[in-house]
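[1] Need coordinates for the below:
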Amino acid sequence: MTEKLLGSIEAGGTKFVCGVGNDELKIIERVSFPTTTPEETMALVIGFFKKYNLKAIGIGSFGPIDIHKDSPTYGHITSTPKLAWQDYDFVGAMKKEFDLPIAFTTDVNAAAYGEYVSGNGKGSSSCVYYTIGTGVGAGAIQDGHFVEGFSHPEMGHMIVKRHSNDKFKGSCPFHSDCLEGMAAGPAIEKRAGKKGQDLSEEDLIWDIEAYYIAQAAYNTTLMLAPDVIIFGGGVMKQRHMLVKVHREFEKLINGYVKTPPLKDYLVTPKLEDDPGTIGCLALAKKELENS
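    Residues are numbered from 1 along each chain as shown. You can find the predicted model right below:
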């Protein structure tokens, strides 16, 4: 008999990354499709998974999304700026094709869960995961459960204190100079006139960037005091960034609380590019066990 497998969907604003793995969370195949319209993208997603004998699927989606199972719009992408996806019934569309347990959460929650079960959050009671890329988002986990209430957290839109040398007005269409508006990849590009990957390590923009990311770590530390804070996303692939963030964080915290050693406390993902896929597979496995 063909082995029954787990499915993973990382639904991002730019691309959908779909994966298939086994119970040990080993990735067997992974593909990506452009995020265009639901009709186009979902046809490719469904076609990919039809090749496999699946037993559960985990979805980590861009948002905002409705995470409450007793809500009439549970499983929907709600007020996203991507107009074609507004009020889209993501889980419903998948259920029509696959009569399986389906876990549904945010893309950053999924990445947080991946690091929690297999990465730099493994063995801890709590962790927070930030992605700093095209946008900024974060997920928090306490004792294996996501920290959420009426909705999921939107920590990427926290208000940050402006760097004294930063004249950039901010790129968030909702809040202008929130964390995402000042620190996401598009903010770096608009500020510099070119992509971050084309800037030298010595460019002063990285000091400004580190200041905003350190504020996210500072605020998270004082509000949640997690065991570890993990910074992923394309911006954090600049290996010099973590040292700068450590330096700025030490200035901000100013000895007020004693954290774990910064090399263990403010880190990048152990799973590198895999936290979201591993997290979705793990959530699919958990959903199956609870169904």
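
[2] Which residues are in contact with the spatially most central residue of the chain?
    The residue lying closest to the centre of the chain (C-alpha atoms, centre = their mean) is Val108, at 2.2 Å. Taking C-beta atoms under 8 Å, 6 or more residues apart in numbering, we find Val108 in contact with Gly60, Tyr129, Tyr130, Thr131, Gly137, Ala138, Gly139. All C-beta spots, glycine's among them, are computed from the backbone N, C-alpha and C.

[3] Surely it forms part of a helix?
    Yes: looking at Val108 with DSSP: H, G, I helix; E, B strand; the rest coil, it is inside a helix.

[4] pLDDT value on it, please?
    If you check Val108, the pLDDT there is 96.

[5] Tell me which two in the contacts of Val108 are the farthest apart.
    Spatial extent of these (C-beta to C-beta) is set by the pair Gly60 and Tyr130 at 14.5 Å.

[6] The two: which has the busier surroundings?
    Gly60 (31 against 28; other C-beta atoms under 10 Å).

[7] Can you get me a residue count around the nearest residue to the more buried one once chain neighbours are set aside?
    Spatial nearest neighbour of Gly60, excluding adjacent residues (C-beta to C-beta, 6 or more residues apart in numbering): Ala110 at 2.7 Å. Using other C-beta under 10 Å, the number of residues around Ala110 comes to 31.

[8] which ones are touching Ala110?
    Counted by C-beta under 8 Å, 6+ apart, Ala110 has contacts Glu10, Gly58, Ile59, Gly60, Gly139, Pro275, Gly276, Gly279, Cys280, Leu283.

[9] Please flag which of those residues sit within strands.
    Counting by DSSP state E, the part of these found in strands is Glu10, Gly58, Ile59, Gly60, Gly139.

[10] Switch those over to TSV; also include pLDDT.
    Formatted as TSV, the ones in strands among the contacts of Ala110 follow (pLDDT from 0 to 100):
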residue	pLDDT
Glu10	97
Gly58	98
Ile59	98
Gly60	98
Gly139	97
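
[11] Nearest to Leu100, out of those residues: which one, please.
    Gly58 (10.6 Å).

[12] Compute the number of surrounding residues for the closest one.
    By other C-beta under 10 Å, the burial measure for Gly58, its neighbour count, is 32.
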